[in-house]
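J.: A structural model of the following input is requested.
(chains A, B and C)
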Amino acid sequence: MAAPRDVTSLKQLVLGRKDVQDLSDNEAELPPDLMTVNMGPSHPAMHGTVRIVLTVDGERIVKGDVQPGYLHRCFEKESEYATYTQVFPYTDRLNYVSPMINNVGWAMAVEKLMGLTQLPKRIEYIRTIVSEMSRITDHLTCVGASAMELGAFTAFLYFLKAREWLYELLEKVSGARLTHSYVRVGGVAKDLPENFNADLTYWSRACSTTTRFSATAWPASAR
Amino acid sequence: MGVELTTTRLEDAAKWAKQSLVERASNWGRKFSLFSYPFVTACCGMEFMSVAGPKYDLARFGAEFPRFSPRQSDLLMVVGTVTEKQGPALKRVFDQMAEPKWVIAFGVCASTGGFYQNYSAMPGCDQVIPVDVYIPGCPPRPEQVLDALIMLMDRIQTGRGHSQLRTKREQLIAEAQQADE
Amino acid sequence: MSQKVLDALKQHHASAIELTESAHGDEIAWVKRDQLVQVATWLKNDPAMLFDAPVFCTCIDRLDWRPVGVPPSQAWNESKPRFEVCYQLRSQKHRHRVRLKVAVPEQDARCPSLAGIWPAFDWQERETFDMYGIRFDGHPDLRRIYLYEEFVGYPLRKDYPKEKRQPLVRRDDLPINPIKAEK
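T.: Predicted coordinates:
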């Protein structure tokens, strides 16, 4: 079953197939045109908003034109009208899944420009600890959402449960669950709350138990 | 025409909201089985996930099931900042929904633009679509969201959502026209 | 930290380098616009340089830059070029960084594109074009990335007002519909 000449050259050019013999019988029969599909700005799998104009061959993506900009909130322009401390809320919303890290990044940039290199050790420790907590919430969200996209909804719920504990801890530290604005240039806004050490030890162990349990439950839930 | 239905205040509900038993029952069914379309754009999406999560459970209100097609949903939750570029997409999604439909503006960015006053962030999604309940907060606490959901359910029950009023208005206008003839 | 990069640049491309400086731990080399691609290719391929990781490409708009404390000779005036296109490069092998700056005047806001050398600069140059209006010669697909095609103007320029909206769509029954008001 020979496919027409122009289609073969299209496939050679675009898909990298060398020869008509490479095509299985199914593929030789099916319509060979590439399809353009729009994964529009509002799409459930995006968890956010981006537009991808896909050119697909069956399920295989041949070309993808990613069009971002649907969440362009003009941080740079707004920062021009704000003081250094007023930029911290904007940095929270850059990577809103792990806001502390962005705060620390901005603080470190300003300190570098100011020449403020020697910070108290306690500040460095506090910043690292809250950044790591934020990073863990980030991973919980991302891995959980990826699992949900594959069908493992239960794992997502377990990860969200673990994330809630960390959010509560971060709320004790900074006052807000998600957009903390906790870090300041040269330090942090306020000291850690009392009993933080015991709380963090307990809840991080709870998080790891929950994620380990849900990981063993994963094969069962991802059916 | 003499049919003024411009308000959603509870006090004015007595003027026109003589609900029949069927209407009451259908509104009860609607409010406890909301299929939401979470139009998630930004940080409020994290709190939306928390609301749908195990601690602040959305399932106990019957609204847990996100329908990822506007054709199949009746509650549009605009979660996060809407930019000018996103405007036509939002309008299209809203237009594709079938009546009755309700809109929640989740978060202060979707309500009024939040602290983004610039050339790209739309000052609230109500520039493009009519909104029933606004939830302030950046991001709002899940308890606030649940409070707003209960408020919306109140509206649905008494028939005061924008789309319900619109349908009612059209119905009453049609009846008045018939009565004239 | 990467002073040797600047020294090597001055040695090999003395005619292309206008100025080198070192500030806050970063090494900066001002390159002439027409020799940018040459310098960049050399930076990528030379075994002592091996800049294979592009970091960012952006632009600085110096319009009316006269801050307090900066002497008038360094502050901006109309005779100086308005834009500075910055490319930050990093070498993963040698672990050094360098920033190339190109002075671009306002009337002739063009700059050669480095997207052919480092593909990651493709989108970054599109962003710089979208925000500042700098056209990159030789860019494969120069179009707006963050804003929509109907947008007029370049927002991150200092003379674009922050709150000047150009709405694409508005409700018909809004009390003040800016789209209808304009028509």
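J.: residues touching residue 103, list them.
T.: By default, I'm working from chain A. A:88, A:91-92, A:180-183 (C-beta atoms under 8 Å, 6 or more residues apart in numbering or on different chains). Backbone N, C-alpha and C define where each C-beta goes, glycine included.
J.: not what I meant, chain B
T.: Counting by C-beta under 8 Å, 6+ apart, B:Val103 has contacts B:75-78, B:94, B:125, B:129-133, B:162.
J.: Ramachandran coordinates for residue 178?
T.: Answering for chain A, as no chain was given. phi -120, psi -50 (degrees, to the nearest 10).
J.: any idea how far the residue of chain C positioned farthest from its centre is from B:Met122?
T.: In chain C, the residue that sits farthest from the middle, by C-alpha atoms, centre = their mean, is C:Asp173; the gap is 42.2 Å. Distance check for C:Asp173 against B:Met122: by C-beta to C-beta, to the nearest Å, it reads 16 Å.
J.: which ones are touching A:Lys190?
T.: No residues are in contact with A:Lys190 under the rule C-beta under 8 Å, 6+ apart.
J.: which stretches of the chain form strands?
T.: I went with chain A, as the question did not name one. Assigned by DSSP state E, chain A shows strands spanning A:35-39, A:51-57, A:60-67, A:183-184, A:187-188.
J.: let's do chain C instead
T.: Using DSSP E, strands in chain C cover C:17-23, C:26-31, C:53-61, C:83-90, C:97-104, C:110-112, C:135-137.
J.: Can you name the residues bridging to the residue nearest the centre of chain B?
T.: With distances taken as C-alpha atoms, centre = their mean, B:Val103 lies nearest the centre of chain B, 2.1 Å away. Counting by DSSP bridges, B:Val103 is bridged to B:Leu76.
J.: how about stretch C:47-59: buried residues?
T.: Buried residues in stretch C:47-59, counted by 16 or more other C-beta atoms under 10 Å in any protein chain shown: C:49, C:51, C:54-55, C:57-59.
J.: Next to chain C in this structure, residues from chain A, please.
T.: Within chain A, the positions near chain C by C-beta under 8 Å from any C-beta of the partner chain are A:67-69, A:72, A:74, A:76-78, A:80-81, A:112-113, A:115.
J.: Make TSV out of the residues you listed and add neighbour count and pLDDT.
T.: Listed next are the residues of chain A next to chain C as TSV, based on neighbours: other C-beta atoms under 10 Å in any protein chain shown; pLDDT from 0 to 100:
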residue	neighbour count	pLDDT
A:Gln67	19	92
A:Pro68	17	91
A:Gly69	20	90
A:His72	24	92
A:Cys74	22	90
A:Glu76	13	92
A:Lys77	21	93
A:Glu78	19	93
A:Glu80	13	92
A:Tyr81	10	92
A:Lys112	13	92
A:Leu113	13	91
A:Gly115	9	90
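J.: Spatially, which two of the residues you listed are the most separated?
T.: Pairwise distances across the residues of chain A next to chain C (C-beta to C-beta) peak at 41.0 Å, for the pair A:Gln67 and A:Gly115.
J.: Can you list the low-confidence ranges for chain C?
T.: Applying pLDDT under 70 to chain C flags residues C:1, C:182-183.
J.: neighbouring contacts of the longest helix along it?
T.: If you go by DSSP state H, chain C has its longest helix at helix C:121-132. For helix C:121-132, the surrounding residues in contact (C-beta under 8 Å, 6+ apart) are A:76, C:54, C:56-59, C:61, C:83, C:85, C:87, C:109, C:113-115, C:134-136, C:139-147, C:154-157.
J.: So which of these reach chain B?
T.: Filtering those for neighbours of chain B using C-beta under 8 Å from any C-beta leaves C:146-147, C:155.
J.: What is the nearest of those residues to chain B?
T.: Nearest to chain B among these is C:Pro155, at 5.4 Å by C-beta to the nearest C-beta.
J.: Which residues of chain C lie near chain A?
T.: So far as C-beta under 8 Å from any C-beta goes, chain C lies against chain A at C:24-25, C:131, C:144-148, C:155-156, C:162.
J.: Mind checking which of the residues of chain A next to chain C land in helices?
T.: If you go by DSSP H, those have A:76-78, A:112-113 in helices.
J.: any weak-confidence spans in chain B?
T.: B:1-17.
J.: Give me the neighbour count for residue 87.
T.: Went with chain A since none was named. A count of neighbours around A:Val87, defined by other C-beta atoms under 10 Å in any protein chain shown, yields 21.
J.: meant chain C actually
T.: Neighbours of C:Tyr87 (other C-beta under 10 Å): 27.
J.: which non-adjacent residue is nearest it?
T.: C:Leu100 (4.5 Å; C-beta to C-beta, 6 or more residues apart in numbering or on different chains).
J.: Now the strands of chain C in a markdown table, please, with extra columns for distance to A:Lys121.
T.: A markdown table is the format used below for the strands of chain C (distance: least, C-beta to C-beta, whole Å):
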| stretch | distance to A:Lys121 |
| --- | --- |
| strand C:17-23 | 27 |
| strand C:26-31 | 26 |
| strand C:53-61 | 30 |
| strand C:83-90 | 29 |
| strand C:97-104 | 27 |
| strand C:110-112 | 45 |
| strand C:135-137 | 46 |
